[in-house]
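In: This is a predicted model, with the sequence first.
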Amino acid sequence: MTTLKSLLFFILVPGLLVGYLPWWLASSDAPLFSTGLLRYLALPLWILGWAFMLWCFWDFTFRGRGTPAPVDPPKELVAAGLYRYVRNPMYVAGILILLGWMIWSPSLPLILTPLLFFTATHLFVTLYEEPNLRERFGSSYENYLQHVPRWFPKFKK
């Protein structure tokens, strides 16, 4: 059942926010300028972004025994996979996908979307998610906070 709930959340939230809505904007709003062949730089961003997103959903479902949805969160702290390098890889994946849309069809809404998405997720993370995780996972989450950066990965030498 957890897998089904994760799949439903995947379709409804990232599927709409970084999939359908940007596609709709790209197909209904004229680009401000042509990116020519450079538009194909969007493809690796989309591939990486969706692969990272799927990886995170997998980890939440099978390692954390829950879903990414705030109403059915993981029962275990997920600090493996991409979560070893950055605390919010799912949101980073969303930004990569939106940057791809911005390159593919640089209309004003698609240029602003990654910035708006980052602002909204940063506020959500700092005002809701982190305080909630501190309360739920206590010292193990505090330790995680000290060793894993929020947005930009630090790779060990």
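Out: The structure has been received and is ready for your questions.

In: Which residue ranges of this structure form helices?
Out: 2-12, 14, 21-28, 42-58, 89-104, 108-124, 130-147 (DSSP state H).

In: how far away is the residue positioned nearest the centre of the chain from Arg39?
Out: Central residue of the chain (Cα atoms, centre = their mean): Tyr91, 2.3 Å from the mean position. Separation of Tyr91 from Arg39 (Cβ to Cβ, to the nearest Å): 24 Å. Quick note: C-beta positions are derived from backbone N, CA and C, even for glycine.

In: Kindly report the same for Met90.
Out: 25 Å.

In: Mind checking which of the two has more residues around it?
Out: A direct count of neighbours by other Cβ atoms under 10 Å for Met90 and Arg39 places Met90 higher, at 22 against 15.

In: For the spatially closest residue to the more buried one that is not a sequence neighbour, give me its contacts.
Out: Distances taken as Cβ to Cβ, 6 or more residues apart in numbering put Cys56 closest to Met90, at 4.3 Å, once the chain neighbours are dropped. With contact taken as Cβ atoms under 8 Å, 6 or more residues apart in numbering, Cys56 is in contact with Pro68, Gly81, Leu82, Tyr83, Pro89, Met90, Ala93.

In: what's the least confident helix or strand in the chain, going by average pLDDT?
Out: helix 2-12 (a mean of 90; mean pLDDT, DSSP states H and E).

In: Which SSE is immediately downstream of it?
Out: helix 14 (DSSP states H and E).

In: Please list the residues outside that following helix that contact it.
Out: Contacts for helix 14 (Cβ under 8 Å, 6+ apart): Met53, Met90, Gly94.

In: And stretch 99-110, what's buried?
Out: Leu99, Gly100, Trp101, Met102, Ile103, Trp104, Ser105, Pro106, Ser107, Pro109, Leu110 (16 or more other Cβ atoms under 10 Å).

In: Now the terminal residues of that stretch, how far apart.
Out: 8 Å (Cα to Cα, to the nearest Å).

In: Per-residue pLDDT of Lys157, please?
Out: pLDDT, Lys157: 58.

In: Phe118 too?
Out: For Phe118, the model assigns a pLDDT of 97.
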